[in-house]
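1. turn this into a model:
(4 chains)
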Protein chains: 2
Amino acid sequence: MTEPDEGADPDSPEGRGGAASVMPAAAPGSGRAGLDRRRILGAAIEFIDRDGLNALTMRRLGAHLGVEAMALYRYVPGREQLLDGVVESVIDELYGDPDVHLSASHGWQDYLQRLAHGVRRIALAHPEVFPLVATRPPAAPWVRPPLRSLRWVESFLDALIDSGFSEESAVAAYRAYSSFLLGHLLLEVSQKGVKISPDDQPEGVPAAAESTDLSAYPTVVRLEPLLSLDESAAEFEEALENLLGRLEIVLREGRTPRRADPRT
Amino acid sequence: MTEPDEGADPDSPEGRGGAASVMPAAAPGSGRAGLDRRRILGAAIEFIDRDGLNALTMRRLGAHLGVEAMALYRYVPGREQLLDGVVESVIDELYGDPDVHLSASHGWQDYLQRLAHGVRRIALAHPEVFPLVATRPPAAPWVRPPLRSLRWVESFLDALIDSGFSEESAVAAYRAYSSFLLGHLLLEVSQKGVKISPDDQPEGVPAAAESTDLSAYPTVVRLEPLLSLDESAAEFEEALENLLGRLEIVLREGRTPRRADPRT
DNA sequence: AGGCTGCCGTTTACACCGTAAATCGCCGGG
DNA sequence: CCCGGCGATTTACGGTGTAAACGGCAGCCT
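-> So this is what the prediction gives:
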């Protein structure tokens, strides 16, 4: 039903709305000198995106900011909390994305679609950071699947309930939706990471010398061209649309469906 | 309509058929002496399950085995590869699971269902390890979504193709299936981890003193009972069944439902 | 037997990590 | 003028992964 921005490739390399983070902090004119929690978090994200997560070190991050490691501790309690801040910061980029709305003013399907693409854009923009988002324990543990930002959970639930979902259905939808997003994007990002980034393979001859013996897996070998195809964008779209379809059924029947009889 | 904590989760804490690890290793009577790659990996899994991933240290693992850290390096190239081995080892438990078959002798739906539950059992048995499975870069990078074990990928594809799926459909099914599994189980495991295990919250009073101010999120607060419900088993079942339904449609139509020509 | 040779585990050593504590330079207000 | 405090540095410590040298012990060959 929903015809989103169809056509070419959607989400890849745009900061688009920008959305560095939020807040005014200091005067916009003051650029360089002062250290600052937001500057630190930003530098950390940038660092992880470039050099990977395990390369991020308090000392190195300090150096990257022209400062000694210990200086960071004035703004961040420790490394672990730094990473929490990074996650939070990255998620906050959603708020700066003009294509993502906080309320379902154009219908819940539009809302979910925009949100999904917004998250996907973030994931693709920070492939090294995203596993962190998926992995790190949440701030509000009792929210069953944690989208990590209570504000977004609130917005999500409100949007669906306002659109006619029952409370139970809204919660169920939230679960299905976040698990779909997480799984899909984590996989997509991890495969993207392999494509380019190494851990530089230190061995001499770069080509040839196929790693393991594949002769035991003829089907895998035969389907290699298919398996190595990257259709993640289309797959994402399709799976998302299917999910929306499911939710629509739930909405209409007012209840979670017992069995899939997807005669659309 | 299900009672609060229903007992009917099939996958929780049973080795059921066992599949503890596999293999006899050395003589069962000999407890202590010989070091061994499999013993090391086993100990590492056990260690992570008990104390968490970041508590795993070469030195500590060594001590746990009654040995100095450096001794491990004779069997494992380094910490990173140790973790790879752990992942591989955990996945190998599938082979010891009598409820999971390598071929679709009772139909592809049965095959997928058993496989999914087998993986879920593993995830629930090793909640601390599973994020590692989901996160770690794969052995065969070019397999688009990596199930991490080529043998299982092979088995998966063969099963579907033998059941009448086209090669394209089988690959598409593989992608949808693994992304579903990953997302669902990662979320389920992470919420399970919160339930019991801390990072022990160091503060004195355990109850009261709600962490953040929730007054800004009334819907979240109001739906808290629903949100904190744990219906993961039922949800898993439902989502899995829906996926199977989708795949059945694909099978019948013999094609992945794509709208326009690829044209590229 | 004696000696040689591998294997396996230990010892030692080093660079680097996160972070607690003391220290220092600097700056604006009494 | 002092001076109190803020923001950054210096120093220090225990822990980490791992390279390299070392030790001892088993089994083989002559």
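2. just give the closest residue to the residue of chain A positioned farthest from its centre, not the sequence neighbours.
-> Within chain A, the residue lying farthest from the chain centre (Cα atoms, centre = their mean) is A:Ser215, at 36.5 Å. Here the nearest residue to A:Ser215 in space, its sequence neighbours aside, is A:Val221; by Cβ to Cβ, 6 or more residues apart in numbering or on different chains that works out to 7.8 Å. All C-beta atoms are positioned from the backbone trio N, CA, C, and that covers glycine.
3. and A:Leu185, by the same measure?
-> Counting by Cβ to Cβ, 6+ apart, the residue nearest A:Leu185 is A:Ala123, at 4.3 Å.
4. what is the burial count for the one you found?
-> 24 (other Cβ atoms under 10 Å in any protein chain shown).
5. got a list of what it touches?
-> Residues near A:Ala123 by Cβ atoms under 8 Å, 6 or more residues apart in numbering or on different chains: A:Phe130, A:Val133, A:Leu185, A:Glu188, A:Val189.
6. from B:Ala134, how far off is the fourth one?
-> Right, A:Glu188. 13 Å (Cβ to Cβ, to the nearest Å).
7. likewise the third one?
-> A:Leu185 sits at a distance of 12 Å from B:Ala134 (criterion: Cβ to Cβ).
8. so what sits against both of the two?
-> Joint contacts of A:Leu185 and B:Ala134 (Cβ under 8 Å, 6+ apart) are A:Ala134.
9. sec struct for A:Gln109, please.
-> Taken by DSSP: H, G, I helix; E, B strand; the rest coil, the conformation at A:Gln109 corresponds to helix.
10. would you agree it is in contact with A:Leu244?
-> Yes - the pair A:Gln109 / A:Leu244 is scored as a contact, 5.4 Å apart, by Cβ atoms under 8 Å.
11. state the mean pLDDT of stretch A:88-108.
-> For stretch A:88-108, the mean pLDDT works out to 93.
12. no no, stretch A:112-123
-> 96.
13. from the chain's centroid, how far away is it?
-> 8 Å (Cα atoms, centre = their mean, to the nearest Å).
14. ditto for stretch A:120-134
-> Taking mean C-alpha positions (Cα atoms, centre = their mean), stretch A:120-134 and its chain are 4 Å apart.
15. make TSV out of the contacts of A:Ala123 and add pLDDT.
-> What follows is the contacts of A:Ala123, written out as TSV (pLDDT from 0 to 100):
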residue	pLDDT
A:Phe130	94
A:Val133	89
A:Leu185	93
A:Glu188	89
A:Val189	88
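16. pull out the buried members of these.
-> Among those, those classed as buried by 16 or more other Cβ atoms under 10 Å in any protein chain shown are A:Phe130, A:Val133, A:Leu185, A:Glu188, A:Val189.
17. between which two of those residues is the distance greatest?
-> The span of the buried ones among the contacts of A:Ala123, defined through Cβ to Cβ, is set by A:Val133 and A:Glu188 at 13.4 Å.
18. so A:Arg74, which state does it fall into?
-> coil.
19. phi first, then psi, for the nearest residue to it once chain neighbours are set aside.
-> Nearest residue to A:Arg74, sequence neighbours excluded (Cβ to Cβ, 6+ apart): A:Leu35, at 7.4 Å. Here is the backbone geometry of A:Leu35 (degrees, to the nearest 10): phi -70, psi 160.
20. my read: A:Leu35 touches A:Gly66, true?
-> No - between A:Leu35 and A:Gly66 there is no contact under Cβ under 8 Å: 9.3 Å.
21. more neighbours: which of these two?
-> A:Leu35 (15 against 10).
22. and the more buried one, what does it touch?
-> A:Leu65, A:Val67, A:Ala71, A:Leu72, A:Arg74, A:Tyr75.
23. no further questions, thank you.
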